[in-house]
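> Test case, fold it:
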Amino acid sequence: MATHLKYLVSLYFPCCVLIFLYTGPHDVIDVLAWTLSLWLIILIDYFSPKINSAVAKKRIARNFYDVILYVLTAIHFLIMALMLIYASQLQWDSLHDVLTSIVNLIVLRILVGTTSGSSAIIVAHELIHRRQSYMRLMGRLILYTVCYEHFIISHLRNHHLTVATPHDIATACLDESFNDYWKRVLVGHFKYAWQSAMKRTDTTPLTGLPYHWLANTVLQGLLVEGMLVIVILINFGWAAAFIFLFQALSAVRLLETINYYQHWGLEQGKDEGALAWVNQSSFTEYALVGLSNHIAHHQNSSTSFQNMPYLEQGPKMPHGYFVTNLWVKLNNASYMKVSKGVIEKYFQEKVV
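Predicted coordinates:
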């Protein structure tokens, strides 16, 4: 039972953000103090015990795990609503109001953007792999809130088929910096999704009829996301629309940071039996609902997160996901230098 309850750790940060939004707006000191909840997560991840690979993880799929996904989904949409209300209440009448509101917007971006990227999108990722249509719809709705719905096509039709090869958009090349990766993948995902959707549109029964191009699912997603921004602008004001787009950018950037270090330098890894980096942080596993068991996910993507085994057929990351995310952002050169050494040692040992 203790193993089951460990996944409740995933509720900690979203709940912190929820309380922050419900009790706001805050003054400058209070709003900055709320960022301590994020620093605490990074600190815990740094000192997290390693996963004990000797202990067999025999788990049975239960409704309990699905409820965690449902709760995280509900919290995310509640966060989105409270964020818009919060932003609409910010004052801009005096210099003090302007400075306070700017600090509030910055912290909103940090906290909401982080929970959107480290909780909501990860839940969406889990849901779009499920067989049930209503779960896939939930995942799609979450991705609308970060303006990244086209990720579904690129992730399912490109990434999972070509992972750890030069053909995969989301596999970072050896020595590729995050900034270069970010520019490449942001365009690459959309371009692939658009072209893939257009091919499917051209083969539908609607082909040849007026406006058949409206069947393009990527275009549909863009229209939904555009209408959502307009509705927010009209009903909550420019500050709410701005922070909605800002948190979406932050969330997507966090998602792609995770993609970056999950497969960095493994573009030939599929032939060598390495699909992803191994993460040993037990805190990362439970806080991110099993996402770090990424090798097993690529071996069988339909397996639910609680049944995903911990596998070690790959180079080992020095730190958990939360620490590595900060490492990539603050000192990408150091990350690449250390990771390159780990990869070289890993493949040398495989040859021997």
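> how close does Q348 sit to P318?
18 Å (Cβ to Cβ, to the nearest Å). All C-beta spots, glycine's among them, are computed from the backbone N, C-alpha and C.
> who has more neighbours, these two?
Neighbour totals were compared for Q348 and P318, and P318 leads with 15 against 9 (other Cβ atoms under 10 Å).
> Locate the closest residue to that one other than its chain neighbours within the secondary structure: which element?
Closest residue to P318 apart from its sequence neighbours, by Cβ to Cβ, 6 or more residues apart in numbering: V338 at 6.4 Å. Using DSSP states H and E, V338 sits in helix 332-351.
> Would you mark the buried spots in that helix?
For helix 332-351, the neighbour count (16 or more other Cβ atoms under 10 Å) marks 332, 335-336, 339, 343, 346-347 as buried.
> Remind me what it packs against, helices and strands.
When contacts are defined as 3 or more Cβ pairs under 8 Å, 6 or more residues apart in numbering; DSSP states H and E, helix 332-351 sits against helix 321-330.
> In contact with the residue nearest the centre of the chain, which residues?
Among the residues of the chain, the one closest to the centroid is L255, at 3.5 Å (Cα atoms, centre = their mean). Each residue near L255 by Cβ atoms under 8 Å, 6 or more residues apart in numbering is listed here: 117, 121, 148, 151.
> what do you get for A164?
Contacts of A164 by Cβ under 8 Å, 6+ apart are 171, 263, 266-270, 274-276, 298.
> Please name the nearest non-neighbouring residue to it.
G269 is the one closest to A164 (Cβ to Cβ, 6+ apart), at 3.6 Å.
> Need phi/psi at the nearest residue to F305 once chain neighbours are set aside.
Distances taken as Cβ to Cβ, 6+ apart put G290 closest to F305, at 3.3 Å, once the chain neighbours are dropped. The phi/psi pair for G290 (degrees, to the nearest 10) reads phi 80, psi 10.
> which residue packs closest to S37, ignoring adjacent ones?
C16 is the one closest to S37 (Cβ to Cβ, 6+ apart), at 4.1 Å.
> isn't there a helix covering the one you found?
Yes - checked against DSSP: H, G, I helix; E, B strand; the rest coil, C16 lies within a helix.
> Next, count neighbours for it.
18.
> Double-check it against W39; I have them as touching.
No - with contact defined as Cβ atoms under 8 Å, C16 does not reach W39; the gap is 11.5 Å.
> what's the distance between V67 and I230?
To I230, V67 is 34 Å away according to Cβ to Cβ.
> Kindly apply the preceding question to N331 instead.
40 Å.
> Likewise for K337?
Distance from K337 to I230, by Cβ to Cβ: 46 Å.
> could I get the buried residues of helix 332-351 as CSV with distance to T284 and pLDDT?
Output for the buried residues of helix 332-351, formatted as CSV (distance: Cβ to Cβ, whole Å; pLDDT from 0 to 100):
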residue, distance to T284, pLDDT
N332, 20, 97
Y335, 16, 97
M336, 20, 97
S339, 17, 96
I343, 20, 93
Y346, 20, 89
F347, 24, 86
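> Between all of those residues, which two are separated the most?
Using Cβ to Cβ, those span at most 22.2 Å, a distance reached by N332 and F347.
> about what we covered before: pLDDT at the residue nearest to F305, what is it?
The per-residue pLDDT reported for G290 equals 91.
> Correct me if wrong: G265 contacts K337.
No - in terms of Cβ under 8 Å, G265 does not count as a neighbour of K337; the distance is 11.6 Å.
> Please flag which of the contacts of A164 sit within helices.
263, 269-270, 298 (DSSP state H).
> Nearest to A193, out of those: which one, please.
H263 (18.8 Å).
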